[in-house]
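A.B. asks: Mind folding the following:
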Amino acid sequence: MKNFLHTKVILLLCLFTCLILIGLQADSHVSAALDKSIYKNLKTFNEVLDMVQKNYVEQVESKKLIEGAINGMMKSLDPHSAYMTSDMYKELEVETRGIFGGIGIEITIKKDVLTVVSPIEDTPAFLAGIKAGDHIIQIDGKSTKDITIMEAVKKLRGPKDTKVTITIMRENMPKPKDYTITRDIIKIKSIKSKIYEDHIGYIRVASFQERTADDLKKEIKNITLKNGALKGLILDLRNNPGGLLNQAVGVADVLLKSGTIVSTKGRTKSMETKSMAKDDGDEPTCPIVALVNEGTASAAEIVSGALQDNGRALVVGTQTFGKGSVQTVIPLEDGSALKLTTAKYYTPKGRSIQAEGIEPDIVVKHIRPPEDKESRDDSVRERDLRGHIMPKKENGTNKEESLKKEQDPLGQDNQLKSAIDIIKSWDIMKKNLKS
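C.D. replies: Numbers count the residues shown, from 1 in each chain. Presented below is the predicted three-dimensional model:
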């Protein structure tokens with residue numbers, strides 16, 4: 001049985017090699033040298049696999065060794081490519097629907113340390129006081145050294161009402177602190193809206209899920225019916241980690257009558273795409289201000305870049321995260337999947353956002369309230385991630401405090417106040433120019 005399994009593994013590796021070589025046929029000048037190199041390296045891999053199976057102090061399953069090798073291969077590419085077991089793949093599918101069991105944080109690997117990008121509003125992690133920039137050094141007492149994102153996600157998620165303990169190290173903390181957090185069903189509502197004085201609409205897009213574009217269209221229609229014609233619209237994309245590419249295109253299309261939204265370019269012709277806006281006749285005509293910050297990433301950068309390049313919105317805030325790569329999820333026969341970086345995306349004017357981000361038209365840095373003493377500016381951007389793709393020159397808040405902030409957002413949020421002031425000034429200038 002063991003010999004049969006070993007033979008099966010070698011056959012699978014040979015098949016994988018053949019697929020690689022087929023993909024390299026276009027580069028005929030170098031394919032011969034690459035063929036030789038790949039076969040030589042696969043022979044070394046097979047020798048190592050055989051030695052480990054025969055001589056390691058304890059018996060190890062071949063499946064575990066192969067998965068470890070695949071994980072290492074994905075990790076060597078960039079921070080966003082990953083191998084997902086069947087369970088992880090199912091979790092990813094659940095996440096895009098916006099409902100899952102967990103504590104509610106966005107995480108990344110920064111300088112080899114598991115780091116919080118941002119806690120999701122009104123989730124157990126947010127209410128427990130987890131902050132952007134926190135280093136998670138242990139999960140349930142086990143070190144997170146060399147952990148992958150997918151492994152961390154699997155450990156942090158779980159059924160409602162179960163507990164997980166994360167050990168946090170934060171700047172100015174004398175020693176690490178344990179946070180025991182009770183998991184809950186995380187329901188991410190991707191769209192929230194509000195009306196401010198003088199008929200100024202505010203819509204927050206928290207992430208890009210299966211129905212985000214449709215929900216945005218409905219929300220704009222609802223607030224217009226309830227409050228009359230809007231004098232301006234604020235699109236809040238701050239701390240939006242991204243999500244589905246097609247939903248980013250859909251959201252931009254809701255706001256644009258015409259023009260390019262985004263284009264993608266990869267190694268293969270099939271990855272070259274261009275998305276264009278369509279005139280549906282119901283796009284808002286009022287001025288738009290898009291709010292962004294260092295937590296605005298990926299799909300959210302596509303939207304802000306499209307609005308900026310088409311002259312449809314004024315982008316206000318701070319430089320965005322800078323994740324300008326497209327990940328394609330490729331299912332495998334055994335139920336597992338690869339999340340593989342296959343292309344870069346470009347704004348309508350041909351700008352690559354990779355490791356650069358979107359520069360706001362008007363820079364407004366967030367001023368933290370005096371009472372928020374623990375906060376710090378330890379923002380994480382794409383360029384901080386180990387192995388990020390280099391750009392090329394191509395054309396403790398608790399529930400009571402949370403409610404207080406919601407009741408008086410302008411007193412706590414200078415960026416939002418600036419956006420409202422810009423729209424008010426816009427309206428005044430328009431009236432003055434007419435008279």
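A.B. asks: how about low-confidence regions in the stretch 51-200 of the chain?
C.D. replies: Along the stretch 51-200 of the chain, the model assigns pLDDT under 70 to residues 96, 98.
A.B. asks: hmm, try it at 80
C.D. replies: Within the stretch 51-200 of the chain, the ranges that satisfy pLDDT under 80 run 91-99, 110, 117-118, 120-121, 132, 188.
A.B. asks: can you tell me which helix or strand I130 belongs to?
C.D. replies: Here I130, judged by DSSP states H and E, is contained in no helix and no strand.
A.B. asks: where exactly do the strands run in the stretch 251-400 of the chain?
C.D. replies: With strands called from DSSP state E, counting those that start in this stretch, the stretch 251-400 of the chain shows them at 260-266, 273-276, 288-292, 313-317, 325-331, 337-346, 362-363.
A.B. asks: Burial-wise, tell me which of those strands comes out on top.
C.D. replies: Counting by mean count of other C-beta atoms under 10 Å, strand 288-292 has the highest mean neighbour count of the strands of the stretch 251-400 of the chain, with a mean of 27. Placement of C-beta: from N, CA and C, glycine included.
A.B. asks: hang on, the earlier thing: a markdown table for the strands of the stretch 251-400 of the chain, including distance to K36 and mean pLDDT?
C.D. replies: Listed next are the strands of the stretch 251-400 of the chain as a markdown table, based on distance: least, C-beta to C-beta, whole Å; pLDDT from 0 to 100:
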| stretch | distance to K36 | mean pLDDT |
| --- | --- | --- |
| strand 260-266 | 26 | 96 |
| strand 273-276 | 35 | 96 |
| strand 288-292 | 48 | 98 |
| strand 313-317 | 50 | 98 |
| strand 325-331 | 27 | 91 |
| strand 337-346 | 25 | 93 |
| strand 362-363 | 53 | 97 |
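A.B. asks: Of all the ones you listed, which one is nearest L216?
C.D. replies: Taking C-beta to C-beta, strand 288-292 is the member of the strands of the stretch 251-400 of the chain nearest to L216, at 12.3 Å.
A.B. asks: now the closest one, how far from the chain's geometric center?
C.D. replies: Counting by C-alpha atoms, centre = their mean, to the nearest Å, strand 288-292 is centred 19 Å from the centre of its parent chain.
A.B. asks: Likewise for stretch 145-154?
C.D. replies: 16 Å.
A.B. asks: before we move on, what about stretch 160-170?
C.D. replies: Remark: stretch 160-170 is offset 22 Å from the chain centroid, using C-alpha atoms, centre = their mean.
A.B. asks: ok, and what's touching it?
C.D. replies: 101, 103, 130-131, 133-141, 155-156, 158, 176-185, 374, 376 (C-beta atoms under 8 Å, 6 or more residues apart in numbering).
A.B. asks: Generate the ChimeraX command that creates a selection of the buried members of those.
C.D. replies: Buried subset of these, written as a ChimeraX selection, criterion 16 or more other C-beta atoms under 10 Å:
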select :101,103,130,131,133,134,135,136,138,139,155,156,179,181,183,184
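A.B. asks: Which ones among the contacts of stretch 160-170 lie within strands?
C.D. replies: 101, 135-139, 177-182, 184-185 (DSSP state E).
A.B. asks: and which of the residues you listed is nearest A69?
C.D. replies: Among the ones in strands among the contacts of stretch 160-170, I139 lies closest to A69 (C-beta to C-beta), at 24.0 Å.
A.B. asks: Just list whatever residues bridge to the closest one.
C.D. replies: Counting by DSSP bridges, I139 forms beta bridges with K142, I166.
A.B. asks: Hmm, K155 and it touching each other?
C.D. replies: Yes - I139 is within contact range of K155, at 4.8 Å (criterion: C-beta atoms under 8 Å).
A.B. asks: Name the single longest helix found in this structure.
C.D. replies: Counting residues, the longest helix in the chain under DSSP state H turns out to be helix 28-55.
A.B. asks: For it, which helices and strands make contact with it?
C.D. replies: Contacts defined by 3 or more C-beta pairs under 8 Å, 6 or more residues apart in numbering; DSSP states H and E place helix 28-55 against helix 2-23, helix 62-75.
A.B. asks: Next, the buried residues of that helix.
C.D. replies: Here helix 28-55 shows L42, L49, Q53 as buried, counting by 16+ other C-beta under 10 Å.
A.B. asks: Stretch 144-163 now?
C.D. replies: T144, I147, T148, I149, M150, E151, A152, V153, K154, K155, L156, R157.
A.B. asks: Return the set of residues that bridge with V289.
C.D. replies: I234, L314.
A.B. asks: my guess is it contacts A419, does it?
C.D. replies: Yes - with contact defined as C-beta under 8 Å, V289 counts as touching A419 (4.4 Å).
A.B. asks: Return the distance of the longest helix of the chain from the chain's centre.
C.D. replies: Put simply, helix 28-55 sits 35 Å off its chain's centre (C-alpha atoms, centre = their mean).
A.B. asks: again with stretch 102-120
C.D. replies: Distance of stretch 102-120 from its chain centroid, counting by C-alpha atoms, centre = their mean, is 11 Å.
A.B. asks: and what of stretch 177-189?
C.D. replies: With C-alpha atoms, centre = their mean as the basis, the mean position of stretch 177-189 lies at 19 Å from the chain mean.
A.B. asks: Next, the distance between the ends of it.
C.D. replies: 30 Å (C-alpha to C-alpha, to the nearest Å).
A.B. asks: Give me the distance between T115 and E294.
C.D. replies: Going from T115 to E294 by C-beta to C-beta, to the nearest Å gives 13 Å.
A.B. asks: which one of the two has more residues nearby?
C.D. replies: Taking other C-beta atoms under 10 Å, T115 and E294 do not tie; E294 has more neighbours (24 against 21).
A.B. asks: I'd assumed E301 was in contact with the more buried one.
C.D. replies: No - if you go by C-beta under 8 Å, E294 and E301 don't touch, sitting 11.3 Å apart.
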